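>>> Have a look at this prediction, sequence included:
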Amino acid sequence: MKKIHPATQFTCTLACAALLACAPAVLASGGGGHDGPAVEVKSAEATIKAAVSGNDQFTGHNDSHHFDGFQTGQTPTLTVVTCSDSRVHTHLFGMAPDNNIFVIRNIGNQVKNAEGSVDYGVRHLPTKILLILGHSSCGAIKAAMGDYSGETKGIKEELDNLKPVIAAEDKSGDANARWSKNVERNVDYQVKTALELYKEKVAAKELTVVGAVYDFNDLYGKGRGKLVITNINGETTPNKIMDHPVLKDLNRGEIVNHVGSLAPAL
Ligand SMILES: [Zn+2]
């Protein structure tokens, strides 16, 4: 099995950083790396073998009754727009995703890049919560902050839609601080976009748009892996978010541990 050291991957192209699938945390973090653990690179054959064997384990653990409830249709309660980054997955919610979570993913967790899919979750299913979920160390945000002119047409088009986020930043702090705040600002921007698309549903209280960051770097000081709510229906002040009626079933400790902010709103 071939192994490469993370430091080697600093030579990775911007496409790699933007697409993230090949980017370990050390690349996306933009610092360190020389002392990091070796990254195992699996062959194509080993990867497809793992996927098929893993599926056999999945069907072995879930008899046919597992699928009884959704043979003829889906009834999810949560629509999520999140990043394609491989470090972000629905198991962060701790609930079975099957028939519960309608997921839309693209680089930079963008609404406009998948508007039809978001429409489907919000208008046709329809779920009462639309969650825009960014994440710490998002390579798409980092790429959008730099020169990505050498990228493919497809990547450039998707990153171009992040320009308003980057253009509005206050440029305070060092590069990593700016990056983290832009992740949150992008969540705010995507929430704003969703509120424009679904304003009538929000006004009718049929939909709540929630913005959050999956913080596996503990940037918000709440612990690695925490879901940190940073926006509800456009409200970005933590104290006001904490009082939002949609959080009324959470206890005070849960609210304090899951509401935060790094960045002033756009
Ligand atoms: Zn990302």
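Cool, the structure landed.
>>> I figured residue 234 hits residue 193, correct?
No - Residue 234 is beyond contact range of residue 193, at 10.9 Å (criterion: CB atoms under 8 Å). Yep, even glycine has a C-beta here, placed from its N, CA and C like the rest.
>>> ok, those two, which is more surrounded?
Neighbours per residue, other CB atoms under 10 Å: of residue 234 and residue 193, the larger number sits with residue 193, 20 against 14.
>>> Can you name the residue of the stretch 151-266 of the chain nearest to the ion?
Closest residue of the stretch 151-266 of the chain to the ion, CB to the ion: residue 183 (8.0 Å).
>>> Now for that residue, which secondary structure element holds it?
According to DSSP states H and E, residue 183 maps onto helix 175-197.
>>> Also residue 142?
helix 139-145.
>>> Which other helices and strands does that helix contact?
Applying 3 or more CB pairs under 8 Å, 6 or more residues apart in numbering; DSSP states H and E, one finds that helix 139-145 makes contact with helix 14-19, helix 25-29, helix 153-160, helix 163-167, helix 175-197.
>>> closest to residue 126 out of the ones you listed?
The minimum distance between residue 126 and the helices and strands packed on helix 139-145 falls on helix 175-197, with 13.0 Å, by CB to CB.
>>> Counting by contacts, list what the closest one packs against.
helix 115-119, strand 129-135, helix 139-145, helix 163-167, strand 208-215, strand 226-232.
>>> Touching, residue 219 and residue 177? I think so.
No - using CB under 8 Å as the test, residue 219 is too far from residue 177 to be in contact (9.1 Å).
>>> Need the CA coordinates for the helix holding residue 183. CSV is fine.
The C-alpha trace of helix 175-197 is given here as CSV (Å, rounded to 0.1, in the frame of the first residue of the first chain):
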residue,chain,number,x,y,z
ALA,A,175,-5.3,34.4,6.9
ASN,A,176,-6.7,31.6,9.0
ALA,A,177,-9.0,34.0,10.9
ARG,A,178,-10.2,35.5,7.6
TRP,A,179,-10.8,32.0,6.2
SER,A,180,-12.9,30.9,9.2
LYS,A,181,-15.0,34.1,9.2
ASN,A,182,-15.6,33.8,5.5
VAL,A,183,-16.9,30.2,6.1
GLU,A,184,-19.5,31.7,8.4
ARG,A,185,-20.2,34.7,6.1
ASN,A,186,-20.9,32.3,3.3
VAL,A,187,-23.4,30.5,5.5
ASP,A,188,-25.0,33.9,6.1
TYR,A,189,-25.0,34.6,2.4
GLN,A,190,-26.6,31.2,1.5
VAL,A,191,-29.2,31.7,4.2
LYS,A,192,-30.0,35.2,2.7
THR,A,193,-30.3,33.6,-0.7
ALA,A,194,-32.6,30.9,0.6
LEU,A,195,-34.8,33.5,2.4
GLU,A,196,-35.2,35.4,-0.9
LEU,A,197,-36.3,32.1,-2.6
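>>> hmm, back to that, tabulate the helices and strands packed on helix 175-197 (CSV), appending distance to residue 243.
Listed next are those as CSV, based on distance: least, CB to CB, whole Å:
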stretch, distance to residue 243
helix 115-119, 27
strand 129-135, 18
helix 139-145, 29
helix 163-167, 27
strand 208-215, 14
strand 226-232, 10
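>>> Kindly reformat the ones you listed as a markdown table containing distance to residue 47, mean pLDDT and mean neighbour count.
Below are the helices and strands packed on helix 175-197 laid out as a markdown table (distance: least, CB to CB, whole Å; pLDDT from 0 to 100; neighbours: other CB atoms under 10 Å):
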| stretch | distance to residue 47 | mean pLDDT | mean neighbour count |
| --- | --- | --- | --- |
| helix 115-119 | 26 | 98 | 16 |
| strand 129-135 | 23 | 98 | 25 |
| helix 139-145 | 21 | 98 | 25 |
| helix 163-167 | 34 | 96 | 15 |
| strand 208-215 | 24 | 98 | 26 |
| strand 226-232 | 29 | 98 | 23 |
